[in-house]
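Visitor: Could you look at this predicted model? Sequence included:
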Amino acid sequence: MDSKTQQTIEAVVLEILGSANLEEMTEYKVRSLAADRLGIDLSLSDRKRFVRRIVESFLASQKKDAANTAQEERQEEIPAAKGEKGGKKEEEEEEEEEEKEEEEVEDDLRRSLGAKEYDDEGNLIICRLSDKRRVTVQDFRGKTLVSIREYYEKEGKQLPSSKGISLSVEQWEVFAKAAPAVEEAIKKMCSD
């Protein structure tokens, strides 16, 4: 991707994020909106990673702004005569409280923005079944797939293997509806 294209993508993604309801926006939605506006395919792995870096950078700056605002508010609450209670204990307590508040802001931001984990290919990791098995949602040739598969490591990257299954949305819906029957069958087999 040339630098002009990167700058254009970044500007559009930041514009989308700046006006978005971050409680409802997802990286996929940002990428789709940007692709529609720009008329280019952003589902390729390198472009997904580029958009993800922009989103993560935006979220980090939002988190930093929120932490700075919280710190400024705390500073206003501290009595003018800081030394009245005095000493290191007060400073340590303030630092601990500041760390807690920063963690709370970070957690709130993650929850509100739906912080998600992605694999090295840019696929959304729904859950890890084990060290090598994952459930992911991915966009493959314009179709959304739910994949349950084993991963292997190559050159420091975790990559999907051929061992597993990818379900279309329709197939996933059929499977999800059958999940209670599967659970019931498992209970019966375990109780026998």
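Guide: Everything's here; your move.
Visitor: and Ala34, how far is that from Ala60?
Guide: 19 Å (C-beta to C-beta, to the nearest Å). Glycine gets a C-beta too; all of them are placed from N, C-alpha and C.
Visitor: actually Thr26, sorry about that
Guide: In terms of C-beta to C-beta, Thr26 sits 17 Å off from Ala60.
Visitor: Likewise for Leu129?
Guide: 30 Å.
Visitor: And the strands in the chain?
Guide: For the chain, the strands defined by DSSP state E cover 117-118, 124-128, 133-140, 143-154, 157-168.
Visitor: Let's have those in TSV, adding mean pLDDT.
Guide: Below are the strands of the chain laid out as TSV (pLDDT from 0 to 100):
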stretch	mean pLDDT
strand 117-118	80
strand 124-128	87
strand 133-140	89
strand 143-154	91
strand 157-168	91
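Visitor: Next, format the ones you listed as a markdown table and append distance to Met1.
Guide: Converted to a markdown table, the strands of the chain look like this (distance: least, C-beta to C-beta, whole Å):
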| stretch | distance to Met1 |
| --- | --- |
| strand 117-118 | 19 |
| strand 124-128 | 22 |
| strand 133-140 | 18 |
| strand 143-154 | 23 |
| strand 157-168 | 20 |
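Visitor: Quick one: closest of these to Ser43.
Guide: strand 133-140 (5.0 Å; C-beta to C-beta).
Visitor: which other helices and strands contact that closest one?
Guide: Judged by 3 or more C-beta pairs under 8 Å, 6 or more residues apart in numbering; DSSP states H and E, strand 133-140 is in contact with strand 124-128, strand 143-154, strand 157-168.
Visitor: That concludes my questions; thank you for your assistance.
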